[in-house]
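Novice: fold the following.
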Amino acid sequence: MLRLRRARERGHFDHGWLDTNHTFSFADYHDPEHMGFRVLRVINEDVVAPGQGFGTHGHRDMEIVTYVLDGALEHRDSTGGGGVLRPGDVQRMSAGSGVMHSEFNHSQTEPVHFLQIWLLPERRGLPPGYEDKRFPAAEKRGRLRVIASADMRDGSLLLHQDASILASILEGTSVEHALGPGRHAWVQVARGEVAVNGQTLAAGDGAAISEETRLQFAATGASEFLLFDLP
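Specialist: This next block holds a predicted model:
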């Protein structure tokens, strides 16, 4: 069963320096029908203007993953983690018992476009942590590349949760993913159009998936999407 969440249905705010879309309730956007899905709590699609960003602020008890689509995002946090993330780079920050961080558009001329994702951790009060890694487009093209997981398989980032995040770039190709017993999935399309078990999703669209054992993804044009395999 697929339950679609179209891009136009998301919460949208244009703050001038930040244009943001919220798939689930976040900050000033509250929709009791969309508070998250399983352990997936936040998917924000953000575009930050040149030379702008999020000042230092705090988080607790959340696994925060950042997936950069265009531009350059500079990150600094109280664990000592930081750097400039560009397309292909993925960052995982475990807020755990508490962390302070900032995110800034590294460019003075170009916007930065990224997805910020929050998942509930396996337990509260974990030690804060940070890591980032590059996953080149070639590793995602025509296949599902694991970019974050509980067991760090295939060199993926660590998630303190029984969940996996996979990324794919398709163009005239298709891939499949098997869901284990009792597992659920969320698909989020970042670019282009992707058919998921025959249902077409466009950029910004998402879908909650339950009671399915096999997922098929197909695209005729250039597309990029994330798949969340969830308990």
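Novice: what segments of this protein are helices?
Specialist: 137-140 (DSSP state H).
Novice: show me where pLDDT drops low in it?
Specialist: 57-58, 101 (pLDDT under 70).
Novice: at 90 instead, please
Specialist: Scanning the chain for pLDDT under 90 picks out the ranges 27-28, 51-61, 74-83, 93-104, 106-107, 129-130, 220.
Novice: okay, which residue is most central for it?
Specialist: Nearest to the mean C-alpha position of the chain, counting by Cα atoms, centre = their mean, stands residue 117 at 4.2 Å.
Novice: state the distance from that one to residue 201.
Specialist: Computed with Cβ to Cβ, to the nearest Å, the distance linking residue 117 and residue 201 is 17 Å. All C-beta atoms are positioned from the backbone trio N, CA, C, and that covers glycine.
Novice: for the residue nearest to residue 11 when sequence neighbours are not counted, which residues count as its bridge partners?
Specialist: If you skip the residues right next to it in sequence, residue 11 has residue 29 as its closest partner in space, 3.2 Å away by Cβ to Cβ, 6 or more residues apart in numbering. Using DSSP bridges, the bridge partners assigned to residue 29 are residue 26.
Novice: neighbours around residue 29, how many?
Specialist: 17 (other Cβ atoms under 10 Å).
Novice: same check, this time on residue 213
Specialist: By the criterion of other Cβ under 10 Å, residue 213 has 9 neighbours.
Novice: surely it meets residue 182?
Specialist: No - no contact is recorded between residue 213 and residue 182 when judged using Cβ atoms under 8 Å, the distance being 10.8 Å.
Novice: so who does residue 34 touch?
Specialist: Taking Cβ atoms under 8 Å, 6 or more residues apart in numbering as the criterion, residue 34 is in contact with 5, 23, 24, 25.
Novice: in TSV, list the residues you listed along with distance to residue 152 and neighbour count.
Specialist: Supplementary listing: those in TSV, determined by distance: Cβ to Cβ, whole Å; neighbours: other Cβ atoms under 10 Å:
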residue	distance to residue 152	neighbour count
5	29	22
23	26	27
24	26	21
25	30	17
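Novice: of those, which is the nearest to residue 147?
Specialist: Each of the contacts of residue 34 was scored against residue 147 by Cβ to Cβ, and residue 23 proved nearest at 18.3 Å.
Novice: do you know how far the closest residue to that closest one other than its chain neighbours is from residue 137?
Specialist: Nearest-residue entry for residue 23: residue 43, 4.0 Å, with adjacent residues in sequence omitted and distances by Cβ to Cβ, 6+ apart. Relative to residue 137, residue 43 is positioned 21 Å away (criterion: Cβ to Cβ).
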